[in-house]
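Enquirer: Using only what follows, build the 3D model:
(4 chains)
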Protein chains: 2
Amino acid sequence: MSENGRGPAPRAVSRRRSATRAVTMADVAQAAEVSTQTVSRALRDPRSVGPETLARIEKAVRETRYVQNYAASHLASNRSMTVAAIIPTISTSIFAETIQGLTDVLLPEGYQVFLGHTDYTTAREEALVRSLAGRRPDGFFIIGTKHTQEATDILKRTGVPVVESWSWTPRPIDLLVGFSNAAAMMEVVDHLVARGYRRLTFAGMIKPGDHRAKDRLKGFLDAHGRHFPGVEPRVVTTTSGPMVMEAGVELLERVRRDHPETDAVVFASDVLASGALLKCAALGVRVPQDLAITGFGNYDIAAHLVPGLTTIAIASRTIGMEAARLLLRRMQGEEVAARMVDVGFQLLARGST
Amino acid sequence: MSENGRGPAPRAVSRRRSATRAVTMADVAQAAEVSTQTVSRALRDPRSVGPETLARIEKAVRETRYVQNYAASHLASNRSMTVAAIIPTISTSIFAETIQGLTDVLLPEGYQVFLGHTDYTTAREEALVRSLAGRRPDGFFIIGTKHTQEATDILKRTGVPVVESWSWTPRPIDLLVGFSNAAAMMEVVDHLVARGYRRLTFAGMIKPGDHRAKDRLKGFLDAHGRHFPGVEPRVVTTTSGPMVMEAGVELLERVRRDHPETDAVVFASDVLASGALLKCAALGVRVPQDLAITGFGNYDIAAHLVPGLTTIAIASRTIGMEAARLLLRRMQGEEVAARMVDVGFQLLARGST
DNA sequence: CTGTTAGCGCTTTCAA
DNA sequence: TTGAAAGCGCTAACAG
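Expert: Residues are numbered from 1 along each chain as shown, chains lettered A, B, ... in the order given. The predicted structure is shown next:
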């Protein structure tokens, strides 16, 4: 325990910082009677060393319980084998699906994922980008295509591939895996109009940094203007609070109070729509006869509600997987054929309309 | 562009690996006309350098667009400022809440979170622990208390704090933030019996590595044996497939076919219970008159279903936040008062029983 | 197939 | 308050 028991004349002054010296590659090399270089090679590509040497090294690794230090590896090789992922919030299962898809593809290739969430604020996003850039990830994955100038600059200067997602833009920072939220919403409106609904109201939670929600509203307004020129569009929104079903209930109540003539409510998310749909059942409002309801996202619940919820299905997991594949190709030095991937969307017409 | 234009006699042979040399602390130091030491100090503790020096350094940082390299920092200081988090799956919103809580507390303190998921297999968990250990995180967060011997060994030998969670054990590896799944399930059974139900059936998805689901089944069996000694407990399970409402629908169908006498179905998760409850509405099965249904987790949907779903509420986000606080204290060298935190659970009796 | 050398970019230690 | 030297644990480059 005593820190002083080192003896009188420690030749090369010990500059150790860690108390319990960890096993290093040098220890393995010594145990296997090879150089550290050979150990390094054996770990990265077992076929690059002789079979007997390899066996000795593997034995040494086991016996010394060696765990490679990636920080040192990273510093020496300039490859961190990590990918930074930036999402608005983890608690929305639909982004979780995307992250799951991302990690499902990246982990088997040896990449680890750093995760950060912005809570839908661009300021937090910028801080996160800066902080994550300091980890020198080999790639970035980020939800959204609108960022602060500073964040965009940092992302561009990292020199590593960047995938933006879940939106669409003609000029991505680098790579893009997304779809047009506006176009999807237009399709919802077209569908409602085709089914005979005429008094549509948009209801959504639009946080300051949530450009996907804004695009959906924009799509609604565009389509509404196209179908009902001159008619003032009905819009009910909240700008804060957790994205939970209760918010949908509250939005429904505001729609019924402020726009009682509404015959169809276009929600910006399945979460909100589900809350509203269930509330309708409790209130005795018949869906879709008295009121049609649409959602966005095709969450698990949408197909199970009674009636089923008409919504837009997004290939959430696919976005993550496709993004991972693009990143992998780039991180391995290959070129990608298409820098922009449109995963599209699909209108699922169910009983609620 | 030419790689050859270096001239004939490059004195000290360049051993650069990165093509575009990134801005380093030395560049900042040069621009600010101080040593790298001073820059380093200024970045870590601005008050440790003179105000004029600080101003020059801050200016230099801005002008050079310097982004600190944490890998080098990590290697030199032996602190990575990261925490590794291991969860069964990201796509289950209830774990996402926990991760959100964890990051909400850790990010402001400068820690970043590495995320990995095991898909409920202990083999993948072990691989993940090994891999994440190589990143030398300053702390581990892991869902569950049952691990392979090897994974346990690695976690113990890292020398950093480890928080296990979402279960209960008298002998955690290090720290514990959890609750007893079995006790929670017993309370569900007690509640049903008190309400007059006598023919209970357990229905759940029990994946091989999901010890929390197993504990819930165990709790059911214990309570069932206590209330109905000698009566064979009814249990319907699946062992694979995605945890979605459809699985709940299928379990419900099996319960109705194999155990038609059932008057209450005890589901191991709200997801399953919700699917079943909605299916009951579609089938015309009255809940709770014909069949009572209970869930587990108190997902957002539970309170909005009609009737409301009786379930066990878990402080999912709190688990993450509490774990983060324990880790922080330990990572900052302080002792923690209580190594084991029981966050408990709460039975929420709603209309479905 | 294997070893030697230098260095990745930062922080610790020690000295001024 | 600031600086000089050393080294964290690994890998690239080169040589054999």
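Enquirer: Can you show me the helices along the stretch 1-150 of chain A?
Expert: Using DSSP state H, counting those that start in this stretch, the helices found in the stretch 1-150 of chain A span residues A:25-32, A:36-44, A:51-64, A:70-77, A:93-106, A:122-133, A:149-157.
Enquirer: out of those helices, nearest to B:L192?
Expert: With Cβ to Cβ as the criterion, B:L192 lies closest to helix A:93-106 of those, at 28.9 Å. Glycine gets a C-beta too; all of them are placed from N, C-alpha and C.
Enquirer: Mind listing residues that contact that closest one?
Expert: A:83, A:85, A:87-90, A:112-113, A:115, A:141, A:143, A:165-166, A:297, A:299-300, A:314, A:316-321, A:323-325, A:327-328, B:89-93, B:96, B:115-117 (Cβ atoms under 8 Å, 6 or more residues apart in numbering or on different chains).
Enquirer: now A:E335, nearest residue through space, not along the chain?
Expert: Leaving aside its chain neighbours, A:E335 sits nearest to A:R329 (7.6 Å; criterion: Cβ to Cβ, 6 or more residues apart in numbering or on different chains).
Enquirer: which residues are contacting the strand or helix carrying the one you found?
Expert: Assigned by DSSP states H and E, A:R329 belongs to helix A:316-331. Residues outside helix A:316-331 that contact it (Cβ under 8 Å, 6+ apart): A:83, A:94-95, A:97-106, A:109, A:111, A:138-139, A:141, A:160-161, A:163, A:165-166, A:175, A:177-178, A:297, A:335-336, A:341, A:343.
Enquirer: out of those residues, which are buried?
Expert: The neighbour count (16 or more other Cβ atoms under 10 Å in any protein chain shown) marks A:83, A:94-95, A:97-106, A:111, A:138-139, A:141, A:160-161, A:163, A:165-166, A:175, A:177-178, A:297, A:336, A:341, A:343 as buried among the contacts of helix A:316-331.
Enquirer: can you give me the helices in the stretch 251-353 of chain A?
Expert: A:270-283, A:316-331.
Enquirer: which stretch among these comes nearest A:H147?
Expert: Comparison of those against A:H147 by Cβ to Cβ identifies helix A:316-331 as nearest, at 16.3 Å.
Enquirer: Export only the CA atoms of that closest one, formatted as CSV.
Expert: Extracted in CSV, the C-alpha atoms of helix A:316-331 (Å, rounded to 0.1, in the frame of the first residue of the first chain):
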residue,chain,number,x,y,z
SER,A,316,-36.8,2.8,-39.9
ARG,A,317,-34.5,-0.1,-39.4
THR,A,318,-33.5,-0.1,-43.0
ILE,A,319,-32.4,3.5,-42.8
GLY,A,320,-29.9,2.5,-40.1
MET,A,321,-28.7,-0.6,-41.9
GLU,A,322,-28.4,1.2,-45.2
ALA,A,323,-26.5,4.1,-43.5
ALA,A,324,-24.2,1.6,-41.9
ARG,A,325,-23.5,-0.1,-45.2
LEU,A,326,-22.6,3.2,-46.8
LEU,A,327,-20.4,4.2,-44.0
LEU,A,328,-18.6,0.8,-44.0
ARG,A,329,-17.9,1.1,-47.7
ARG,A,330,-16.5,4.5,-47.3
MET,A,331,-14.5,3.7,-44.1
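Enquirer: Go through it and flag the buried ones.
Expert: A:316-328, A:330-331.
Enquirer: per-residue confidence for A:T92?
Expert: If you check A:T92, the pLDDT there is 79.
Enquirer: what's the spacing between it and chain B?
Expert: 8 Å (Cβ to the nearest Cβ, to the nearest Å).
Enquirer: Up against DNA strand C, what does chain A have?
Expert: Within chain A, the positions adjacent to DNA strand C are A:13, A:15, A:17, A:33-38, A:41, A:47-50, A:52-54, A:72, A:75-76, A:78 by Cβ under 7 Å from any atom of the strand.
Enquirer: Now list the buried members of those.
Expert: Buried members of the residues of chain A next to DNA strand C, counted by 16+ other Cβ under 10 Å: A:V34, A:T38, A:R41, A:V49, A:T53, A:L54, A:A72, A:L75.
Enquirer: The fifth one reaches A:V34, doesn't it?
Expert: Yes - look at A:T53 against A:V34 with Cβ atoms under 8 Å: they come within range, at 6.1 Å.
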